[in-house]
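**Student:** Provided below for reference: sequence and predicted model.
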Amino acid sequence: MRGSWWCLLLAVACKKGDGDVTTEDTGPVYKDYPLAGDVVLDSVRINQGSERVLYLGPGVIGGGNYPPPVIAARPGRLTVEFSALDEALVEERDIAVVLSLSSGTELAAVGHLVPVESVFGGRPKVEFELPGSVLRAGMSMTVELHEAQNAATGTYTDETVWTSAEAGLDVVSSERVEVHLIPVMIQASTLAPDTTPTRVQEVADRMMSMYPTTGVDVIVEPSITWPNPIGPMTGWEALLGEISRMRTAANVPPNAYFYGVFKPAPSEAEFCAAGCILGLSNLPTSPSDDWAKSSIGVGFQEGDVMVETMLHEVGHAHGRLHSPCGGAAGPDPRYPYANATIGVEGWDADREVSFGSSDAFDVMGYCFPIWISDYTFTALYDRIDGVMARRSGQPTDWLLASVDGEGRVEPVGEVTQGPIPSDDVRTFEVLDDEDRVVDEVDGYFVPFDHLPGGLTLLPPDVGERLRLRQR
């Protein structure tokens, strides 16, 4: 049985999210009460979307393979578990868990200690929801177990107190993410994608809950008209090329991702009756590949398909491969958990829902329900951090071109790219009218995620010799 708990605020009271704090004293000052006797800390964990174990007591098992960073200015939930030092001699009573932050904030929650035979759902635990305003780079915290009554009971042990100064909390800074939503109207169709304020807010909330960022800004750009039809498996590459050209031409910061959204049929069921893809993205290997930070996807009104497709495709635009579940092509061979489960407990702060380590599947796979693993959370943080620390460079003119699965090259348009492009250099052959090779040029290549081929940056003068193929 999960231990009962409630939050009492010693020095300050905090609201969910990034809310302000007050200075009202609303309960007993448990920190002044005796440390709990015959009780030990079992674990301290923080969850900002994906769980990180901060402390495990002797004999306690837990934690994932890729401990995610603790991010400053991002809301989190701290969970503390405890148990009796000797389960056979436990005295059933309330225990006060006191959380002290180096900023001066002190919080307390009371859990109920019960005999081991009464604990069917795990150890007693308490939870603190921390606003982003109290999580700061370089901070430390201390967790103490105190008696909930002002009287000593049993024998105090060293395992009643834990401080991050001994283990290193290592709170790090992150950045905001911009998603520029581009409504695409397919010519000769009256079907419009769902870019209503409600849907746009849902995109921002879901991405904020899952991605390791301090905020998500979703900006709806003016719509464009696309002259070509888009089928369940055809027509996608050219539209992605155009969205990529728009991304490169726009005066936007390096943390901006362009997403073209369209409605190719009245419903997902009709569009996918014989199989389909729902989104397509570039797969940039370097944080400097600004020109490749682009994706496209369907914008049906019903269900979660639009939002969940966007979460998946923008993950690809951050360089993430597929997670191995549901037949996803080209899965990441380093993914650490079988069947792409999330590996550790997940927490959706927006919907106030938790996911067991085996109860949800990584957002980069094809299995449902989706959440984010510690592996993907950590990798996304590394990319976001790399984007903001990327190399600067002299802007250079390029020819942006689309390459299909057969190696055929189709120009998209001229673009300007600042930093050094992708490290993936491919050789392209310049052909004459009789398909004879007359020259070779190198291009910087970024693959598509769901279809063969990709986009390439070529020297601008090859635009005069448009018959090219990948060698």
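**Tutor:** Sure thing, it's come through. Numbering: from 1, shown residues only.

**Student:** now do the contacts for the closest residue to residue 56 other than its chain neighbours.
**Tutor:** Spatial nearest neighbour of residue 56, excluding adjacent residues (Cβ to Cβ, 6 or more residues apart in numbering): residue 43 at 5.4 Å. Bear in mind the C-beta positions are built from the backbone N, C-alpha and C, glycine included. By Cβ atoms under 8 Å, 6 or more residues apart in numbering, the contact set of residue 43 is 53, 55, 56, 57, 60, 62, 79, 80, 81, 123.

**Student:** and what about the second one, helix, strand or coil?
**Tutor:** In this case it means residue 55. strand (DSSP: H, G, I helix; E, B strand; the rest coil).

**Student:** name the element the closest residue to it other than its chain neighbours belongs to?
**Tutor:** Of all residues not flanking residue 55 in the chain, residue 44 sits nearest, at 4.2 Å (Cβ to Cβ, 6+ apart). For residue 44, the element it lies in under DSSP states H and E is strand 39-47.

**Student:** for residue 443, same thing?
**Tutor:** Assigned by DSSP H and E, residue 443 belongs to strand 437-447.

**Student:** what is the mean pLDDT for that strand?
**Tutor:** For strand 437-447, mean pLDDT is 86.

**Student:** do the same with stretch 246-263
**Tutor:** 95.

**Student:** wait, residue 77 sits on residue 347?
**Tutor:** Yes - counting by Cβ atoms under 8 Å, residue 77 touches residue 347, with 5.6 Å between them.

**Student:** tell me which of those two has more neighbours.
**Tutor:** Applying other Cβ atoms under 10 Å to residue 77 and residue 347 shows that residue 347 carries more neighbours, namely 24 against 20.

**Student:** wait, a strand at that one?
**Tutor:** Yes - assessed with three-state DSSP, residue 347 lies in a strand.

**Student:** tell me the contacts of it?
**Tutor:** By Cβ under 8 Å, 6+ apart, the neighbours of residue 347 are 47, 48, 49, 50, 51, 77, 353, 354, 355.

**Student:** residue 401 sits in which helix or strand?
**Tutor:** Secondary structure (DSSP H and E) places residue 401 in strand 396-403.

**Student:** what's that strand packed up against?
**Tutor:** helix 236-249, strand 409-417, strand 454-458 (3 or more Cβ pairs under 8 Å, 6 or more residues apart in numbering; DSSP states H and E).

**Student:** one more time with 10 Å, if that's ok
**Tutor:** helix 236-249, strand 409-417, strand 425-431, strand 437-447, strand 454-458, strand 468-470 (3 or more Cβ pairs under 10 Å, 6 or more residues apart in numbering; DSSP states H and E).

**Student:** how is the protein partitioned into domains?
**Tutor:** Here the domain parsing of the chain from automatic domain parsing is 7-172, 177-388, 396-470.

**Student:** which of the ones you listed sits most buried?
**Tutor:** Neighbour counts (mean count of other Cβ atoms under 10 Å) averaged over each of those peak at domain 177-388, with a mean of 19.

**Student:** quick one: distance of it to the chain centre.
**Tutor:** Centroid displacement of domain 177-388 relative to its chain, using Cα atoms, centre = their mean, to the nearest Å, is 11 Å.

**Student:** stretch 98-115 now?
**Tutor:** Per Cα atoms, centre = their mean, the centroid offset for stretch 98-115 relative to its chain is 29 Å.

**Student:** which residues of the chain fall in helices?
**Tutor:** 164-167, 197-210, 236-249, 268-271, 305-317, 374-388 (DSSP state H).

**Student:** looks like residue 172 contacts residue 138 (just checking).
**Tutor:** Yes - between residue 172 and residue 138 there is a contact at 9.4 Å, judged by Cβ atoms under 10 Å.

**Student:** overlap in contacts, the two.
**Tutor:** Common contact partners of residue 172 and residue 138 (Cβ atoms under 10 Å, 6 or more residues apart in numbering): residue 72.

**Student:** overlap of the contact sets of residue 77 and residue 347?
**Tutor:** 46, 47, 48, 49, 51, 127, 129, 354.

**Student:** tell me how far residue 410 lies from residue 82.
**Tutor:** When distance is defined by Cβ to Cβ, to the nearest Å, residue 410 is 63 Å away from residue 82.

**Student:** show the pLDDT at residue 1.
**Tutor:** Per-residue confidence (pLDDT) for residue 1: 28.

**Student:** thank you kindly, that will do.
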